[in-house]
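Novice: please work out how this folds:
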Amino acid sequence: MSAAAVLLALASAAVWGTADFSGGLVSRRLAAIPVTVISQAAGSIVLLAALAIHDGPLNWWSFRVGLLAGLGGGVGLAAFYRALSLGTMSIVSPVVACGAVVPFAVSVATGERPPKLGVAGAVLAVGGAVLASSEERRAAEPSRGRAVALAVLAAVALGLFTYFLGLGSREGSPLSTLTGARAGSLTLLVLLAAGRRESLRIGWRWLAPVAAIGLLDITANVLFALASRHGLLALVSVLGSLYPVMTILLAYSILGERLSRPQLAGVAAALAGVAALSAAG
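Specialist: As a prediction, this is how the structure comes out:
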């Protein structure tokens, strides 16, 4: 896999992880739906600005694929932020990392043939994420069990988001795919908020932090969209889905959350998987 694909995918994972860490913190003070809607709307402003200076028409195929990505992204973000508000960040995030299995499996099923080293690296990386989440399954508190269930939902939904975002960007236009994805996720989240009759008010003092989360998220989306144009989607998606490693490191360094030996071993395995994926041709 090319160096550009590796660097861009890892950069997207780092930025996504920072956005998710920040979203999890804010969601402990505010409801998950308003945080998600407003952060997504902030990212949409950036896309609208990009469209304003774009001198060509939208690629409608990419836009439609982006809509599918957006549906997964909207559900996944809402579930993820809610899970982070209920459970420990260093536990919930690795569960969501297992969503890397979804784009990997779909890509292989639709014809991609990664090299054996790449497959081994993907298995090692995802296996490390599973090991890092093992502590959560021993927890008996109801809130933690609910957090895991929401994290599983987020894993599947975000896995679909990753696949369709990469597919639309690789086969068509990244900008059109990103625009469709944001239109799909924002529409879904607004409808969800309306259906639950949930207020989107967060207070002026929270507006800037929540908007910053949206800017981080759209930046990560752009980085991943570009990465998907330089390497196999099956492998790039695994690297991009390792954002929980960044979330774990931030939770450890800033919040003082403890990591058990199995979790540390899982993080080490995930990093070894990254090395194998980077070496895969």
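Novice: output the lowest mean pLDDT helix or strand found in this structure.
Specialist: In the chain, no helix or strand scores lower on mean pLDDT, DSSP states H and E than helix 89-97, which sits at a mean of 69.
Novice: next SSE after that helix?
Specialist: Using DSSP states H and E, the helix or strand that follows helix 89-97 towards the C-terminus is helix 101-109.
Novice: would you mind writing the CA trace of that next one as PDB?
Specialist: Extracted in PDB, the C-alpha atoms of helix 101-109 (Å, rounded to 0.1, in the frame of the first residue of the first chain):
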ATOM      1  CA  VAL A 101     -14.700  -5.500   9.900                       C
ATOM      2  CA  VAL A 102     -17.600  -4.200   7.900                       C
ATOM      3  CA  PRO A 103     -15.900  -2.200   5.100                       C
ATOM      4  CA  PHE A 104     -13.100  -4.800   5.000                       C
ATOM      5  CA  ALA A 105     -15.500  -7.700   4.500                       C
ATOM      6  CA  VAL A 106     -17.600  -5.800   2.000                       C
ATOM      7  CA  SER A 107     -14.600  -4.800   0.000                       C
ATOM      8  CA  VAL A 108     -13.300  -8.300  -0.200                       C
ATOM      9  CA  ALA A 109     -16.700  -9.700  -1.100                       C
END
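Novice: what's the angle from whichever helix or strand comes after it to helix 101-109?
Specialist: Remark: after helix 101-109, the chain's next helix or strand is helix 116-132, criterion DSSP H and E. Going by axes from the mean of the first three to the mean of the last three C-alpha atoms, to 10 degrees, helix 116-132 is angled at 160 degrees with respect to helix 101-109.
Novice: please name every helix or strand in contact with the helix or strand following helix 116-132.
Specialist: Proceeding N to C from helix 116-132, the next assigned helix or strand is helix 142-171, under DSSP H and E. Applying 3 or more C-beta pairs under 8 Å, 6 or more residues apart in numbering; DSSP states H and E, one finds that helix 142-171 makes contact with helix 60-86, helix 89-97, helix 101-109, helix 174-195, helix 204-227, helix 233-240. In this view, the C-beta of every residue, glycine as well, is placed from N, C-alpha and C.
Novice: rank those by pLDDT, which is bottom?
Specialist: Comparing mean pLDDT across the helices and strands packed on helix 142-171, the weakest is helix 89-97, with a mean of 69.
Novice: verify the stated contact: residue 39 with residue 210.
Specialist: Yes - with contacts counted by C-beta atoms under 8 Å, residue 39 reaches residue 210, the gap being 5.2 Å.
Novice: overlap in contacts of those two?
Specialist: By C-beta atoms under 8 Å, 6 or more residues apart in numbering, residue 39 and residue 210 have no common neighbours.
Novice: now what about stretch 20-30, what contacts it?
Specialist: Stretch 20-30 is touched from outside by 35-36, 39, 77, 80-82, 84-85, 89, 92-93, 202, 206, 209-210, 212-213, 216, 243-244, 246-247, 250-251, 254, with contacts defined as C-beta under 8 Å, 6+ apart.
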